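Undergrad: Provided below are the primary sequence and the corresponding predicted coordinates.
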Amino acid sequence: MGLIQLIYVSNAQHEVAAGELERILEASARNNAAHSITGMLLYANGSFLQILEGEAAAVDETFERVSQDPRHTNIFLLEREAIGERSFARWSMGFKRLDAADIAAHPAYAAFFEHGFNAADFGGRPGLAVEMLNDFARSQSAAARI
């Protein structure tokens, strides 16, 4: 099987506290590394935008687990496609919690995360989501790489 890239948005059942988010990230990074999955997660105002990359079976299994997780609601698959190479190969789980400073620093993307991610905002343009994820990944320090 070949590599795929899967992008989704979802809402948290409740605003996720920093400690809870850290535990989720640590578990996700361990699981992703064990299954050779790479990617990036953005969190803003109770919602997630995530990209997962890896072998199709492993990525699909991970997405199914997320879909069944009661902490997520309104899960919407933006794109699932075959890729030739990974865009986030260095990270088992890149992460950025977006805040007001990010809105000021990235005004072109502010409308997409200022009030939380909404699948309809991407308007069938998953490439825009990939671009946003890549931009935030490039701006992250080594400490934010998990």
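TA: That came through, no problem. Residues are numbered from 1 along each chain as shown.

Undergrad: ok, now how distant is the residue lying closest to Glu85 once chain neighbours are set aside from Ser87?
TA: In space, and not counting its chain neighbours, Glu85 is closest to Leu3: 7.3 Å by Cβ to Cβ, 6 or more residues apart in numbering. Every C-beta, even on glycine, is put in place using the N, C-alpha and C of the backbone. Distance from Leu3 to Ser87, counting by Cβ to Cβ, to the nearest Å: 10 Å.

Undergrad: From Glu22, how far out is the residue nearest to Glu85?
TA: 28 Å.

Undergrad: Buried residues in whichever strand or helix holds Gly19, which are they?
TA: Taking DSSP states H and E as the criterion, Gly19 maps to helix 18-34. Buried residues in helix 18-34, defined by neighbour count with 16 or more other Cβ atoms under 10 Å: 21, 24-25, 28-29, 31-32.

Undergrad: Give me the phi and psi angles of the closest residue to Asn31 other than its chain neighbours.
TA: The shortest distance from Asn31 to any non-neighbouring residue, by Cβ to Cβ, 6+ apart, is to Thr62 (7.2 Å). Thr62 adopts backbone torsions of phi -60, psi -40, taken as degrees, to the nearest 10.
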